[in-house]
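[1] pasting the sequence and the predicted coordinates here, then a few questions.
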Amino acid sequence: MKKLRNRKSGQAMTEYIIIVVIVALATIAILAIFSDTIRAKFGGAVAELGGDNAAKDAALDRSSSQMMKDLDKDGFK
């Protein structure tokens, strides 16, 4: 009877390990698919938090009407 209990405990541990491996593989796959997007988001946040003055100055140099024209040209209405 004790042997049966130990085998079930080992089986449960194996199932948990398999679940952890599947979750890890899924995480790696998701990061591989969205790596460019994640890198761009973090890059934008770092530039904004880091005080990138060149980007701010370029944005301030354009008037709001020029920004709207640029958006219309790019296809955003």
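    Arrived safely. Numbers count the residues shown, from 1 in each chain.

[2] return the helix or strand in this structure with minimum mean pLDDT.
    When the helices and strands of the chain are scored by mean pLDDT, DSSP states H and E, helix 53-61 comes last with a mean of 59.

[3] for this structure, give me the ranges with low pLDDT.
    By pLDDT under 70, the low-scoring segments of the chain are 1-7, 51-65, 67-68, 71-77.

[4] now the strands for it?
    For the chain, no strands are identified by DSSP state E.

[5] which residues of it fall in helices?
    Under the criterion DSSP state H, helices of the chain are mapped to 2-33, 35-49, 53-61, 64-74.

[6] now do the first one against helix 35-49, angle only.
    Angle, helix 2-33 to helix 35-49, by axes from the mean of the first three to the mean of the last three CA atoms, to 10 degrees: 70 degrees.

[7] what's helix 2-33 packed up against?
    The criterion is 3 or more CB pairs under 8 Å, 6 or more residues apart in numbering; DSSP states H and E, and there are no helices or strands that helix 2-33 contacts. Glycine gets a C-beta too; all of them are placed from N, C-alpha and C.

[8] for residue 35, list the residues it contacts.
    For residue 35, no contacting residues are found, by CB atoms under 8 Å, 6 or more residues apart in numbering.

[9] number the chain from 50, please
    Sounds good: first residue 50 from here, last item residue 84.

[10] if I look at it, how far off is residue 71?
    20 Å (CB to CB, to the nearest Å).
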